[in-house]
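Participant: Got a predicted structure here, sequence first:
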Amino acid sequence: MKLPLDVTFRNLDHSEAVEALVREESAKLERHFDHIVSCRVTIEAPHRHQTKEPKVKGELFQVHIELGVPQQRLIVSQKGKPAQSDLYKAVRDAFKVATRQLEDYARKLRGDVKSHAV
């Protein structure tokens, strides 16, 4: 199955290389759970206050991922964590977190998660 993917760039120019990385990383998610309904990825840079300056060195990036799975949405947001200055690392880190959440969700569906006796 081909994963439905929506990639959005905010406050930065669209990059084919970054989008290719997102497509590559999102394709890996299907190895862990093949019933993903949707995948939305938003890549953000800080607002540049309407200046026409080129990208500032040391600019910080955040990646947000929303996965639609049956009966639930899994959200990966880097809020509260330091933003990354390397865009590619920010994408890979966000997808690592998404993979972990997806694996946990799949375990719960299979009943592999132990519950404590009351």
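Facilitator: Great, that's in hand.
Participant: what ranges of this protein fall below the confidence cut-off?
Facilitator: 1, 47-58, 79-82, 113-115 (pLDDT under 70).
Participant: how about the strands in it?
Facilitator: 5-10, 38-44, 62-69, 72-76 (DSSP state E).
Participant: Can I get the ones you listed in JSON lines including mean neighbour count?
Facilitator: All C-beta spots, glycine's among them, are computed from the backbone N, C-alpha and C. Listed next are the strands of the chain as JSON lines, based on neighbours: other CB atoms under 10 Å:
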{"stretch": "strand 5-10", "mean neighbour count": "13"}
{"stretch": "strand 38-44", "mean neighbour count": "19"}
{"stretch": "strand 62-69", "mean neighbour count": "20"}
{"stretch": "strand 72-76", "mean neighbour count": "15"}
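Participant: Quick one: those as a markdown table, columns for distance to Ala20 too.
Facilitator: A markdown table is the format used below for these (distance: least, CB to CB, whole Å):
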| stretch | distance to Ala20 |
| --- | --- |
| strand 5-10 | 10 |
| strand 38-44 | 12 |
| strand 62-69 | 15 |
| strand 72-76 | 19 |
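Participant: Looking at those, spot the one closest to Leu109.
Facilitator: strand 62-69 (8.8 Å; CB to CB).
Participant: Can you list the strands that that closest one pairs with?
Facilitator: When pairs are called by DSSP bridges, strand 62-69 turns out to pair with strand 38-44 (antiparallel), strand 72-76 (antiparallel).
Participant: What is the burial count for Asp112?
Facilitator: Counted with other CB atoms under 10 Å, the neighbours of Asp112 add up to 9.
Participant: That one and Glu103, how far apart?
Facilitator: 10 Å (CB to CB, to the nearest Å).
Participant: Kindly report the same for Gly68.
Facilitator: 17 Å.
Participant: Now do the residue sitting nearest the centre point of the chain against Val18, distance only.
Facilitator: Of all residues in the chain, the one closest to the mean position by CA atoms, centre = their mean is Ile65, 3.2 Å from it. Using CB to CB, Ile65 is found at 14 Å from Val18.
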